[in-house]
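Participant: what would the 3D arrangement of this be:
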Amino acid sequence: MSTIPLTYLYILIGVALLFDFLNGLHDAANSIATIVSTRVLKPQYAVVWAAFFNFIAFMVFGLSVAQTVGSGIVDPKIVDPYVIFGALMGAISWNVLTWILGIPSSSSHALIGGLLGAGIAKAGMDAVIFAGFTKTTLAIFVSPTVGFILALTIMWALSWIFVRATPGAVDHLFRYLQFASASFYSLGHGGNDAQKTMGIIAVLLYSQGQLEGGFHVPFWVVITCQAAMGLGTLAGGWRIVHTMGSKITRLTPMQGCAAETGGAIMLFIATHYGVPVSTTHTITGAIVGVGASKRISAVRWNVAKDIVIAWFLTLPAAGLIGALSYYIVRALA
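Facilitator: As a prediction, this is how the structure comes out:
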């Protein structure tokens, strides 16, 4: 097991926190797109609202997702600083590229793809823990599907309940209810996404002999990761907000509430069981679900198709960059 000077270790932790910040920046749209597009909150207030609930998520959820990422995707015994560097470079590069293009790809799967690519570059397929990899890969399909079904079902139920109400009264009510649904979704986002970086930092510390008592996530790692994600959310991500909030389908406050509630339920379940899902996949599936509840043609399927293509490219693209980054930094070491 190779060790590095503490200065380099701190720099690498800083890079991991940079990824976490970019994750919050990139995925701000997941938390606020619906509440902004329905004009319930102005963007500058929506990001503060989302950032707060992103940060306090550690008070609600356990750390099962961090355990999965840190010790359930790639064998912790083969992890070293070079593998972590490759994983972070794969994730950050893909995040920046898709952010520039305004494509809501998955930061979570970019990180996992980068970790897999760097791990395989070091130790071949023996590095992969297939139980964790399979669970994570299945989530690519399951999370948007469940988000779609939940949001569609909630939307149908709400439409039936308020069938006799006037549109103005319904909009007025759901402008208030959207505050609650957006809060729950931001809480789920902070709970699932920030834990992925916690897992990366924890396994890095473990590889350097900095953890006493076996693999675990120190509290200072929890706090700094939640803070970095919250700050990233504060910084925004307006290109992707536009795609998520208006390009896929036009949303009313009732539809926004249904999408956020369906997505939040999915994230709460996944986080409870330690499954690192994509908040991007989840909320996109939910938004498509509420759009389809009106009529199939209400969804701009060409935009949804481009998003799905980006999902399938994320794991291999980030994995390739992660492997190349590992080879380069190993050759220079």
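Participant: find the residue closest to G209 in space, skipping its chain neighbours.
Facilitator: Of all residues not flanking G209 in the chain, T3 sits nearest, at 7.0 Å (C-beta to C-beta, 6 or more residues apart in numbering). Backbone N, C-alpha and C define where each C-beta goes, glycine included.
Participant: confirm the one you found sits in a strand?
Facilitator: No: according to DSSP: H, G, I helix; E, B strand; the rest coil, T3 belongs to no strand; its state is coil.
Participant: pretty sure it sits against Q210.
Facilitator: No: T3 lies out of contact with Q210 (C-beta atoms under 8 Å); the separation is 9.6 Å.
Participant: can you give me the helices for the protein?
Facilitator: Shown for the chain, the helices assigned by DSSP state H span residues 6-26, 28-37, 43-55, 64-71, 81-101, 107-123, 130-161, 167-207, 219-235, 238-242, 253-272, 279-294, 301-332.
Participant: and the third one, what does it pack onto?
Facilitator: I take that to be helix 43-55. Under the contact criterion of 3 or more C-beta pairs under 8 Å, 6 or more residues apart in numbering; DSSP states H and E, helix 43-55 touches helix 28-37, helix 167-207, helix 219-235.
Participant: got the ones you listed as TSV, with mean neighbour count and mean pLDDT columns?
Facilitator: Converted to TSV, the helices and strands packed on helix 43-55 look like this (neighbours: other C-beta atoms under 10 Å; pLDDT from 0 to 100):
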stretch	mean neighbour count	mean pLDDT
helix 28-37	30	69
helix 167-207	23	89
helix 219-235	21	89
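Participant: just send the ones you listed back as JSON lines, with distance to F148 too.
Facilitator: Listed next are those as JSON lines, based on distance: least, C-beta to C-beta, whole Å:
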{"stretch": "helix 28-37", "distance to F148": "15"}
{"stretch": "helix 167-207", "distance to F148": "15"}
{"stretch": "helix 219-235", "distance to F148": "24"}
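Participant: who wins for proximity to V275 among those helices?
Facilitator: helix 167-207 (8.3 Å; C-beta to C-beta).
Participant: against P81, how distant is the nearest residue to Q210 once chain neighbours are set aside?
Facilitator: Using C-beta to C-beta, 6+ apart and skipping the chain neighbours, the partner closest in space to Q210 is L9 (7.5 Å). Shown here: L9 relative to P81, a distance of 7 Å by C-beta to C-beta, to the nearest Å.
Participant: give the residues shared as contacts by these two.
Facilitator: Taking C-beta atoms under 8 Å, 6 or more residues apart in numbering as the contact rule, L9 and P81 both touch L204, Q208.
Participant: count of neighbours near the residue nearest to Q210?
Facilitator: By the criterion of other C-beta atoms under 10 Å, L9 has 18 neighbours.
Participant: compare the helices and strands packed on helix 43-55 and give me the one nearest M89.
Facilitator: The closest of the helices and strands packed on helix 43-55 to M89 is helix 167-207. By C-beta to C-beta, the value is 12.3 Å.
Participant: what's the angle from that closest one to helix 279-294?
Facilitator: Calculated by axes from the mean of the first three to the mean of the last three C-alpha atoms, to 10 degrees, helix 167-207 forms an angle of 160 degrees with helix 279-294.
Participant: rewinding a little: correct me if wrong: the residue nearest to Q210 contacts S207.
Facilitator: No: between L9 and S207 there is no contact under C-beta under 8 Å: 9.7 Å.
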